[in-house]
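Sequence plus predicted model, see below.
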Amino acid sequence: MNNILEVKNLCKSYGTAGAAKAAGAFSLNSISFNVPYGYIMGFIGPNGAGKTTTIKSVLNVITKDSGNINLFGEENSVIQNENIGVVMDTPLFADDWTLKDTERAISPFYSNWDSGKYSRYLNSFSLDPKKKVKDLSRGMKVKLQISAALSHNARFLILDEPTSGLDPVARDEICDLLRGFICDEGKSVLFSTHITADLEKTADFITFILNGNIVFTGAKDALLEKYARVTGGHDDLSDEQKKLVIGYRKHDTGFEGMIDTANTGAFPGNVIIEQTTLDEIIIFMNKGAAINE
């Protein structure tokens, strides 16, 4: 399977070497993952896991310490950024620009800018070209960024928390747009978000990062099938069985946690083992990592 993005052994550290607990210290620890052509890759993990650092490394906004980042089959460079569309939670456009001003400001940076396409996207999103950026709602600002990205014919969309704070209707519209975008098999999406329900609807693959390490990268369904939620009473598990529960948490009526489905046979029949969600995988993995620190 050909990949639009290949990240191999990427390392980036902030703070003093060896001071992992120091304030502000953080490291990406030789992370590797690929985004195939024609698919949506969901990029998940709790705050501070390394998602934004990874994205900034891919975009050449920060300088990596080591590792390789290949885009479109070549080592990443500023030139290739013309083929990349970036959508953030807040646009990097001046608040006092109108949407027409926005086009005038950014179009010279793209040799294949299509003004007619930009106008058509604004119209399809019901965005007034005379309106100022500061007067747009959050959802409209996301649609403006997508309009700009698609108007220079980006082949790879990188989204960093674009649907945060949006209502379900606006989020659904954006998810539909992303599904339509990858109908062209030469295009792909890297979608970083905390709203995992959007990824459960749209993503084909998931990359899960935790504390600067890749926990999982692969097909979304494979991740959801790998883990299961387990619940039961206080006395249902032996100490050895508890060690198999990821993010084991006791509460007034019993316990809850997550298990690798390969270990299902090690648990008694009176506990409840059921399908988990991406949200729960993040929560239990993060809790398990905190316990083991």
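That came through, no problem.

burial of residue 9, as a residue count?
13 (other C-beta atoms under 10 Å). Backbone N, C-alpha and C define where each C-beta goes, glycine included.

That one against residue 33, yeah?
No - when contacts are counted by C-beta atoms under 8 Å, residue 9 is not listed as touching residue 33 (10.9 Å).

Could you pull up the contacting residues of residue 232?
Applying C-beta atoms under 8 Å, 6 or more residues apart in numbering to residue 232 gives the contacts 254, 255, 270, 271, 272.

and what of residue 213?
Neighbouring residues of residue 213 by C-beta under 8 Å, 6+ apart: 29, 31.

For the residue found closest to residue 134 once you drop the neighbours it is linked to in the chain, give me the pLDDT.
Leaving aside its sequence neighbours, residue 134 sits nearest to residue 95 (C-beta to C-beta, 6 or more residues apart in numbering; 3.7 Å). Listed pLDDT for residue 95 reads 94.

What residues does residue 95 make contact with?
132, 133, 134.

any idea which of the residues you listed has the most stuff around it?
residue 133 (18 neighbours).

How about the contacts made by that residue?
Here residue 133 is in contact with 91, 93, 94, 95, 96, 97, 98, 99, 102, 141, 144 (C-beta under 8 Å, 6+ apart).

Report the separation between the closest residue to residue 261 other than its chain neighbours and residue 271.
The spatial neighbour of residue 261 that comes closest, neighbours along the chain excluded (C-beta to C-beta, 6+ apart), is residue 228 at 5.1 Å. From residue 228 across to residue 271, the span is 11 Å (C-beta to C-beta, to the nearest Å).

Over to residue 108?
Residue 108 sits 62 Å away from residue 271, going by C-beta to C-beta.

more neighbours, the two?
residue 271 (18 against 8).

quick check, distance from the worst-scoring helix or strand of the chain on mean pLDDT to the centre of its chain.
When the helices and strands of the chain are scored by mean pLDDT, DSSP states H and E, strand 74-75 comes last with a mean of 78. Put simply, strand 74-75 sits 22 Å off its chain's centre (C-alpha atoms, centre = their mean, to the nearest Å).

Measure how buried residue 130 is and give me the count.
Residue 130 is flanked by 8 other residues according to other C-beta under 10 Å.

tell me the secondary structure for it?
coil (DSSP: H, G, I helix; E, B strand; the rest coil).

Do I have it right that it meets residue 102?
No - assessed by C-beta under 8 Å, residue 130 is found out of contact with residue 102, at 11.5 Å.

who's the most centrally placed residue in the chain bridged to?
Central residue of the chain (C-alpha atoms, centre = their mean): residue 192, 1.7 Å from the mean position. Assessed by DSSP bridges, residue 192 has beta-bridge partners residue 43, residue 160.

For it, give me the pLDDT.
pLDDT, read off for residue 192, is 94.

What residues does it make contact with?
42, 43, 44, 51, 52, 55, 158, 159, 160, 161.

closest to residue 238 among the residues you listed?
Residue 238 lies nearest to residue 44 out of the contacts of residue 192, by C-beta to C-beta, at 32.2 Å.

Which strand residues bridge the nearest residue to that closest one once chain neighbours are set aside?
Nearest non-adjacent residue to residue 44, counting by C-beta to C-beta, 6+ apart: residue 208, 5.2 Å away. Taking DSSP bridges as the rule, residue 208 bridges to residue 44, residue 216.

Please enumerate the strands of the stretch 101-250 of the chain.
156-160, 188-192, 205-210, 213-219, 227-232, 246-251 (DSSP state E, counting those that start in this stretch).
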